[in-house]
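**Student:** Got a predicted model here, sequence first, then my questions.
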Amino acid sequence: MEASAKEDQEKAAESGGSGQGPVRAVCVFCGSRLGNRPSFSAAALDLGRQLVERKLDLVYGGGSGGLMGLVSKAVHDGGRHVLGVIPSALLPEEVSGETLGEVKVVRDMHERKSEMAKHSDAFIALPGGYGTIEELLEIITWAQLGIHSKPVGLLNVDGYYNSLLSLFDKGVEEGFIDDAARNIFVVADTAGELLTKLTAAAAAAPVDDDGGRKKGAAAAGVKRKRS
């Protein structure tokens, strides 16, 4: 593991181990493009509206393009706080576009992910490309390893993630993923249902004797193993 990546995981662990309380801010991973289906844009706008209605703030990767722009604008226009975390290399306007709300400039992609995790109480992945999928898988892995205890959700718009879910099932079948770890995240077809599941998962996370949430407590409350 690269030193910078290890340092960023340690920072995330410091902010996301014990003491997990109510969900107040949600980190959203999503595409910088709109995709080919109108349903993707509709889902992004609906998620933004749902965050506003539930009085939840947004943490995202900055920029105004694609689904990222739709979610951030909906939340910002609704009066909730928006935090965009942008690596310095992507800061120029022609790369990231106009960023709404608060902007935090970081050194690189590793620090970006750790800062997004630090300021979030839960994570949601909308449809997206390589970057979105990489962010989703890393945050799931961090949960599996006990680096954070925050719930993770997959917004499976029009079955976009069906193939990825089938791959996870194949990992279980072939012995690379534990049965319990298969449920380390929650899945829903609509933003409202997913946010309800994430809120319930955060509330149900195991509690330590001192009243704090156990480090690495999953959405499903399962014991973590290194895969």
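**Tutor:** Sure, I can see it.

**Student:** Can you tell me the SS state at Leu198?
**Tutor:** Secondary structure for Leu198, judged by DSSP: H, G, I helix; E, B strand; the rest coil, is helix.

**Student:** pretty sure it is in contact with Gly153, am I right?
**Tutor:** Yes - taking contacts as C-beta atoms under 8 Å, Leu198 lies within contact range of Gly153: 4.9 Å. C-beta coordinates here come from the backbone N, C-alpha and C atoms, glycine included.

**Student:** Spell out the residue ranges of the helices in this protein.
**Tutor:** Ranges of helices in the chain, per DSSP state H, are 3-16, 38-53, 66-77, 93-96, 109-118, 130-144, 162-173, 191-204.

**Student:** can I get those in TSV with mean neighbour count and mean pLDDT?
**Tutor:** Supplementary listing: those in TSV, determined by neighbours: other C-beta atoms under 10 Å; pLDDT from 0 to 100:
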stretch	mean neighbour count	mean pLDDT
helix 3-16	16	48
helix 38-53	20	98
helix 66-77	23	95
helix 93-96	12	59
helix 109-118	22	92
helix 130-144	19	95
helix 162-173	12	97
helix 191-204	19	94
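
**Student:** Which of these sits closest to Tyr60?
**Tutor:** helix 66-77 (5.8 Å; C-beta to C-beta).

**Student:** Remind me what that closest one packs against, helices and strands.
**Tutor:** helix 38-53, strand 57-60, strand 82-87 (3 or more C-beta pairs under 8 Å, 6 or more residues apart in numbering; DSSP states H and E).

**Student:** who are the neighbours in contact with the residue nearest the centre of the chain?
**Tutor:** Centrality entry for the chain: nearest residue to the mean C-alpha point is Phe123, 2.6 Å, by C-alpha atoms, centre = their mean. Contact partners of Phe123, counting by C-beta atoms under 8 Å, 6 or more residues apart in numbering, are Val26, Cys27, Val28, Phe29, Ala117, Leu136, Ile139, Lys150, Pro151, Val152, Gly153.

**Student:** for it, which residues make a bridge with it?
**Tutor:** Cys27, Val152 (DSSP bridges).

**Student:** Wait, Ile139 touches Ala117, no?
**Tutor:** Yes - here Ile139 lies in contact with Ala117, judged by C-beta under 8 Å, at a distance of 6.8 Å.

**Student:** what is in contact with these two at once?
**Tutor:** Taking C-beta under 8 Å, 6+ apart as the contact criterion, the common neighbours of Ile139 and Ala117 are Cys27, Phe123, His148.

**Student:** Distance of the first one relative to Gly175?
**Tutor:** Read it as Cys27. Distance of Cys27 to Gly175, computed by C-beta to C-beta, to the nearest Å: 31 Å.

**Student:** Settle it for me: which of those two has more neighbours?
**Tutor:** Neighbours per residue (other C-beta atoms under 10 Å) separate Cys27 from Gly175, with Cys27 holding more: 27 against 7.

**Student:** Is the more buried one in contact with Ala125, as I believe?
**Tutor:** No - contact criterion C-beta under 8 Å: Cys27 and Ala125 do not qualify, at 9.5 Å.

**Student:** Pull the contacting residues for the residue nearest to Ala74 when sequence neighbours are not counted.
**Tutor:** Distances taken as C-beta to C-beta, 6 or more residues apart in numbering put Gly48 closest to Ala74, at 2.5 Å, once the chain neighbours are dropped. Under the criterion of C-beta under 8 Å, 6+ apart, the contact list for Gly48 reads Leu58, Leu70, Val71, Ser72, Lys73, Ala74, Val75, Gly78.
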